[in-house]
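*Asks:* let me see the structure of the following:
(one chain, ligands or ions: 1)
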Amino acid sequence: MAKSPQLEEIARFATALRGELATRTGNDDFPFQPPILKFISGKKISRDAFQIVKPKSKSNFDSRLVGRVAIVTGAAGAIGYGICKGLLERGCYVAITDLPGEKFEKFVVEFQKLDSERVIGIPMDVTDTKSVASAFAKISTTWGGVDIVVLNAGIATTGALSELDLATFQKLERVNVEGTLLVLAEAGRHFARQKIGGDVILISTKNVFAPGAGFGAYSATKAAAHQLARIASLEFAPLGVRVNMVAPDAVFSGGSHKSGLWAEVGPGRMKARGLDEKGLEEFYRNRNLLKMKVTAEHVANAVLFFATRQTPTTGACIPVDGGLPDATPR
Ligand SMILES: NC(=O)c1ccc[n+]([C@@H]2O[C@H](COP(=O)([O-])OP(=O)(O)OC[C@H]3O[C@@H](n4cnc5c(N)ncnc54)[C@H](O)[C@@H]3O)[C@@H](O)[C@H]2O)c1
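*Replies:* This is a model prediction of the structure:
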C-alpha cells in the first residue's frame, strides 16, 4: 500500500495535536476524528471545544481501556481473534491488520458486526516498511492516534537443522524478526510524536525459553523478536511507553478461527506422535503442570493485564502455558 505524503502529513499533525491536547487538557484518553481538526483556529483550547468520541458504555467496558486505540498485527488468526475480541469488549478502538485477502476481509466483517464504529480493517504486511507506516498513518487520521500496539503476526515451520533449507529459514526471519523490527520502529516514531506514552505487547512463545527439536527456525526467529522487544523496552521507557511480552504454548484456535501456525506444523507433530487432531490437543494439555488447555482468550487476558497497567512493569514476559518448568523465564 503506497503512503501518500499528504496522508502522512495529516497523520503526523493528528498525532502531534493529540499529544498537545492531552497536555493542555490533562486528558490523555480520548480519540478524535478528523472533522474536529477544523476547530483548530488559534482559539484557547478547551476540552469542550472538541468532539470527543467516546464509545457508548457497555457493561464489560474497562475504564482503563475505554477509548484507547489499539492496532493488532497478524490479527486475522487464532490468537489475533482472542486479542481483538478482548480489546473490543473492554472498550478499545481496534485496528485489525493482516495480509490482504479473503480471510482478512471476512475477519474484519465479523468484527464490524460486533461494533462498526470501533473496528477498522487495514491490510498491512509487517515485512513492508511502507505498508506499516501507512497503516499507522491511516489509524491516526481516523482516530487521532495509536495507544496500544500488539505485535502478533508470526509464522512457523518444522524441520531439523540439518534438513532446513536457507530459503525457509529466511522466510520465517522476514516475518518474525524483520516484521517485529519494522513495527517496533514505526511504533517508536509514532509514540515520540504523540507524546502521551503507550503500550506495546509482543506475542512471543514458550519456545523462546524452551526450544523444541525440529523447531529451530521458529524458535530462533521468535527469540530474536523477543530480544528486540526487550531492547524496545529500554529505548521507549523515556517516552512513557511500556513494552512487554506474552509467551503462550499450544493455542489451536480462537473462536471459529483455527491457528494457521498449527495448520503448518500440526500434521508433522501428529504423525511423529501417532495422534489425530484431538489427540494432539490433549497431548499439549497433559504436558503442562495445570493440565489446562491454553486458549486465545487466556493470551488476550495477559495482553489486557499489560495494557491496563496494573503493575509498574516493562521488559517483562508472562508465560501463558499451563506451567512448563523448562520454559520458566530465566
Ligand atoms: N498458536 C500457538 O500455539 C502459539 C504459541 C506461541 C506463540 N504463538 C504466536 O502467536 C502469534 C499468532 O499465532 P496464531 O496461532 O494465531 O497463528 P495464525 O496463523 O492463526 O495467525 C497469524 C497471522 O499472521 C498473519 N501474517 C503472516 N505473515 C504476515 C505478514 N507478513 N504481515 C502481516 N501478517 C502476517 C497471518 O496471515 C495470520 O493471520 C504468532 O506470532 C505465533 O508465533 C502462537
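*Asks:* neighbours of residue 56, just the number please.
*Replies:* For residue 56, the count of nearby residues is 9 (other Cβ atoms under 10 Å). Glycine gets a C-beta too; all of them are placed from N, C-alpha and C.
*Asks:* any idea how far residue 90 is from it?
*Replies:* To residue 90, residue 56 is 14 Å away according to Cβ to Cβ, to the nearest Å.
*Asks:* after the helix or strand encompassing residue 20, next one along is what?
*Replies:* Following DSSP states H and E, one finds residue 20 within helix 5-25. The element immediately downstream of helix 5-25 (helix or strand, assigned by DSSP H and E) is strand 69-72.
*Asks:* and the ligand, is whichever helix or strand comes after that next one touching that?
*Replies:* The helix or strand immediately downstream of strand 69-72 is helix 78-89, counting by DSSP H and E. Yes - applying Cβ under 6 Å from any ligand atom, one finds helix 78-89 touching the ligand at 78, 79, 80.
*Asks:* got a list of what the second one touches?
*Replies:* Translated: residue 79. Shown in contact with residue 79 (Cβ atoms under 8 Å, 6 or more residues apart in numbering): 152, 203, 248, 251, 254, 259, 296, 299, 300.
*Asks:* and if we set it to 10 Å?
*Replies:* For residue 79, the contact set (Cβ atoms under 10 Å, 6 or more residues apart in numbering) comprises 72, 150, 152, 154, 203, 246, 248, 251, 253-254, 257, 259, 261, 295-300, 303, 320.
*Asks:* what of the last one?
*Replies:* Residue 80 is in contact with 72-74, 96-98, 107, 150, 152-153, 203, 254, 257, 259-260, 296, 299-300, counting by Cβ under 10 Å, 6+ apart.
*Asks:* identify the residues contacting the nearest residue to residue 100 once chain neighbours are set aside.
*Replies:* Among residues not flanking residue 100 along the chain, residue 123 sits closest, at 3.6 Å (Cβ to Cβ, 6 or more residues apart in numbering). Going by Cβ under 10 Å, 6+ apart, residue 123 touches 1, 96-101, 104-105, 108, 131, 134-135.
*Asks:* interface residues of the stretch 1-150 of the chain facing the ligand?
*Replies:* 73, 74, 76, 77, 78, 79, 80, 98, 99, 125, 126, 127.
*Asks:* hmm, the fifth one is touching residue 300, no?
*Replies:* Read that as residue 78. No - under the criterion of Cβ atoms under 10 Å, residue 78 makes no contact with residue 300, lying 11.1 Å away.
*Asks:* more neighbours, the two?
*Replies:* Between residue 78 and residue 300, counted using other Cβ under 10 Å, the more crowded position is residue 300 (26 against 23).
*Asks:* for the residues of helix 78-89 next to the ligand, could you give me a markdown table that also reports pLDDT?
*Replies:* Compiled in a markdown table, these are given as follows (pLDDT from 0 to 100):
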| residue | pLDDT |
| --- | --- |
| 78 | 98 |
| 79 | 98 |
| 80 | 98 |
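*Asks:* in this protein, what residue spans correspond to helices?
*Replies:* Using DSSP state H, the helices of the chain run over 5-25, 78-89, 102-114, 129-143, 166-172, 179-194, 216-236, 260-273, 277-286, 296-307.
*Asks:* which other helices and strands does the fourth one contact?
*Replies:* Read that as helix 129-143. Identification of packing neighbours for helix 129-143 by 3 or more Cβ pairs under 10 Å, 6 or more residues apart in numbering; DSSP states H and E yields helix 5-25, strand 69-72, strand 93-98, strand 119-123, helix 179-194.
*Asks:* which of the ones you listed sits closest to residue 240?
*Replies:* Each of the helices and strands packed on helix 129-143 has some distance to residue 240 by Cβ to Cβ; the shortest is helix 179-194, at 8.0 Å.
*Asks:* just the C-alphas of the closest one, formatted as CSV.
*Replies:* Output of helix 179-194 as CSV, limited to C-alpha atoms (Å, rounded to 0.1, in the frame of the first residue of the first chain):
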residue,chain,number,x,y,z
GLY,A,179,8.4,-7.7,10.8
THR,A,180,8.8,-7.2,14.5
LEU,A,181,11.6,-4.7,13.9
LEU,A,182,9.6,-2.7,11.4
VAL,A,183,6.5,-2.5,13.6
LEU,A,184,8.5,-1.6,16.7
ALA,A,185,10.4,1.1,14.8
GLU,A,186,7.2,2.7,13.5
ALA,A,187,5.6,2.4,16.9
GLY,A,188,8.7,4.2,18.4
ARG,A,189,8.5,7.0,15.9
HIS,A,190,4.7,7.3,16.4
PHE,A,191,4.9,7.4,20.2
ALA,A,192,7.7,10.0,20.1
ARG,A,193,5.4,12.3,18.1
GLN,A,194,2.3,11.6,20.1
